[in-house]
Structures are given as C-alpha cells and as structure tokens.
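Q: next input, structure requested:
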Amino acid sequence: MKFGKKLKELRIAKWFNYYIDYQELKYILKSHLENAEHSDEEATEQKEKSIKIRPLGGSEAKLIIVSSKKSGMKKNGKDQPHRDLPSMSVAFFTMLEDEVNLVEAFYRKMVESLRTQLDKASLLYHNSDEPSSLQYAKTKAMSALAHHISHDINMLVSYVEVNKLAVRKIVKKYAKRTKQPVLDKVIAAVEKARTFMNAKSLYKLRDDAEKFFTKVSKRAYRNAFTAVV
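A: A predicted model of the protein is given here:
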C-alpha cells in the first residue's frame, strides 16, 4: 500500500485538518517532474541553493528556502502550475514549512491542554477528604477520568508519529526525484526547530499519565473490595 493511502487510514478523524498535507506536497513535486525535463547538471546546480539552514534566536532553527518571505501559498491540488527545478524547490519547501508549523502549533496546544487536565486530576486525587462512604464513587469516577486522559495522550502520540513519518517520507521523495542528497540535512533542521519531532514533553506526559492511572486504579480496586466486604 502506498504511503499516501496508508496516511489517510492512520489519521484521527477529528484532527484531520492538522496533519501534514502529504498529497499536496506530492503534487508540487510532480509540477516539475511531470511538466518539465531536468538534467543532472540542473539538479547539481540547485543542490546548495535550494536549502539553507540558518540558526534563529538561540536554539531555534528555521528552514530558509531561497527567500525568507512569509509563504501565503495556496493549495492547488492537481492543478499545479508548471515549474522549473528552482521554482519547484521553493514551492515545495515553503509548503513543507507551512505544514510543519501547523503540526507544531497543534502539538503544543494539545500537550499544554492535556498536561493541565492531568495536573488538575492529580490535585483532586491527592486532596480527596470525603467520608469513606463516598470514596468508592469518587475513585471510580477518577479512574474513568484518568483512563480518558491516557487515551487522549496516546492518540496524540499516534498523531505525532504519523506526522514525523510523513515529513521523512516526503523529503525522501524530493531527494530521490531531484537527485539531491538532502534528506538528513532537512530532517536534522526540522528536528532542531520543531519540538514535535522529538516530542520529549509528550512522552514525559504519557509516562506521568500511566503512573497516575496505575495509582488511581489500585485505589479503585481497594475501595471496590472494601465496599463488597
């Protein structure tokens, strides 16, 4: 199965609009490869100037694609204009940067939201002082909440992994079709610039949620046993 079709199956429906638009990036690649011929010499000439990496503001890094102007690009789908290799490269990496930024913004928003939910649930759990007669019901509800948060975190992990794979696949396709060995360079730049590519805060959040869920589940089991006895 081709990755484009597989990607559609892997997407989480309610987050559909926040995934890398892999198909649009493929159409941009084809705008040159299907509509114009290019030589090995042309590819070699563009090798160094199609992609430049420049550090911005401390640890931040950004892909600079010939021009550093804001994108403003529209998605044309199959109706792409004819492009030579330099123009196609500019269009491709400009759109790629737009898509990467979209994923990054959504990722950060979701991690912040889920961290807030987990912290609030943990605070409620540790500040519980209801009579023992109410503990069973509250612990059961808390267990359900912990399960819900863990489920959403695992969904976000899946979302991140799919988008990371999409970035690597589409850049690899660009490198192969244009004969420019830029895969490692581009991926390294994106990993440095965008936190979803390593997702350290998300994996830490997942670990914390799993520990919390285990703790709540054990209490729920104990309270259920006590209620029966």
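
Q: least confident secondary structure element in this structure?
A: The least trusted helix or strand in the chain, going by mean pLDDT, DSSP states H and E, turns out to be strand 52-55, with a mean of 39.

Q: could you list every residue that touches Ser122?
A: By CB atoms under 8 Å, 6 or more residues apart in numbering, the contact list for Ser122 reads Phe212. For every residue, glycine as well, the C-beta is placed using N, CA and C.

Q: spell out the secondary structure type for it.
A: Three-state call for Ser122 (DSSP: H, G, I helix; E, B strand; the rest coil): helix.

Q: how far away is it from Met142?
A: 10 Å (CB to CB, to the nearest Å).

Q: kindly report the same for Phe3.
A: Counting by CB to CB, the gap from Phe3 to Met142 is 41 Å.

Q: who has more neighbours, those two?
A: Set Phe3 next to Met142 and count neighbours by other CB atoms under 10 Å: Met142 wins out with 22 against 16.

Q: now the more buried one. Nearest residue, chain neighbours left out?
A: Val216 (5.2 Å; CB to CB, 6 or more residues apart in numbering).

Q: just checking, Phe106 touches Trp15?
A: Yes. Judged on CB atoms under 8 Å, Phe106 makes contact with Trp15 at a distance of 7.3 Å.

Q: which one's more surrounded, those two?
A: Neighbour count, other CB under 10 Å: between Phe106 and Trp15, Phe106 has more, with 19 against 15.

Q: where is the longest helix in this protein?
A: Secondary structure of the chain per DSSP state H: the longest helix is helix 132-178.
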